[in-house]
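>>> 3D, please:
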Amino acid sequence: MKKFIITEEEKSRILGLHKTATSKHYLSEEGVDPNAPNSYNTRFSFTQVSGPYGKPPIQYYIYVKRGKYYIFQTNATQTTPKLMDGTDWDNSGKGYDTKDSAMSIINQEINAENESQDIDN
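Residues are numbered from 1 along each chain as shown. The predicted model follows:
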């Protein structure tokens, strides 16, 4: 193994970069799921736990990350499930404590879509 000699200043800079990246979740101590459906999921270690729910093209999925549940969605142009940030899908970034809580939001959306279709007919 080749050894590198760096200054204390460079060592501090590298450790600072690592700390910043870890706190912003660019780096994760969790393993990466190679079967995750897109790069966002792979980078942040989300795992699908259920879905799809609803009729195509709009469908909903529940993913989990570190014990919190998040709602992902597909639509006519987005065929890979994607987390919609800053909305009910992720409880304003906090996630949901239970799968049932996330499922309740999905049911509200599906019911609203069904009511909208009934009005259109």
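
>>> count of residues packed around residue 66?
Neighbourhood size, residue 66 [other Cβ atoms under 10 Å]: 11. C-beta coordinates here come from the backbone N, C-alpha and C atoms, glycine included.

>>> quick one, phi psi at it?
Dihedral angles of residue 66 (phi, psi; degrees, to the nearest 10) stand at phi 50, psi 40.

>>> I'd like the numbering to begin with 28 instead of 1 from here.
Fine by me, first position is 28 from now on; the one you just mentioned is residue 93.

>>> OK, contacts around residue 88?
Residues near residue 88 by Cβ atoms under 8 Å, 6 or more residues apart in numbering: 75, 77, 78, 79, 80, 98, 99, 100, 101, 108.

>>> May I have the beta-bridge partners of the residue nearest to the spatial centre of the chain?
Note on the chain: the residue nearest the mean C-alpha position is residue 110, at 4.9 Å, using Cα atoms, centre = their mean. Beta-bridge partners recorded for residue 110 (DSSP bridges): residue 99.

>>> quick one on the thing from earlier: columns distance to residue 90, pLDDT and neighbour count on top of the contacts of residue 88, output as TSV?
Formatted as TSV, the entries for those read as follows, by distance: Cβ to Cβ, whole Å; pLDDT from 0 to 100; neighbours: other Cβ atoms under 10 Å:
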residue	distance to residue 90	pLDDT	neighbour count
75	5	90	17
77	9	92	15
78	8	90	19
79	12	92	17
80	13	93	16
98	8	90	25
99	5	89	26
100	11	89	20
101	13	87	20
108	8	86	23
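
>>> What segments of the chain are helices?
For the chain, the helices defined by DSSP state H cover 35-50, 66-71, 126-147.

>>> Which of those helices has the lowest mean pLDDT?
Per-stretch mean pLDDT for these is lowest at helix 66-71 (a mean of 48).

>>> Isn't the residue nearest to the centre of the chain up against residue 73?
Yes - the criterion here is Cβ atoms under 8 Å, and residue 110 meets it with residue 73 at 7.3 Å.

>>> What residues does residue 76 make contact with?
Contacts for residue 76 (Cβ under 8 Å, 6+ apart) come out as 89, 90, 91, 96, 126.
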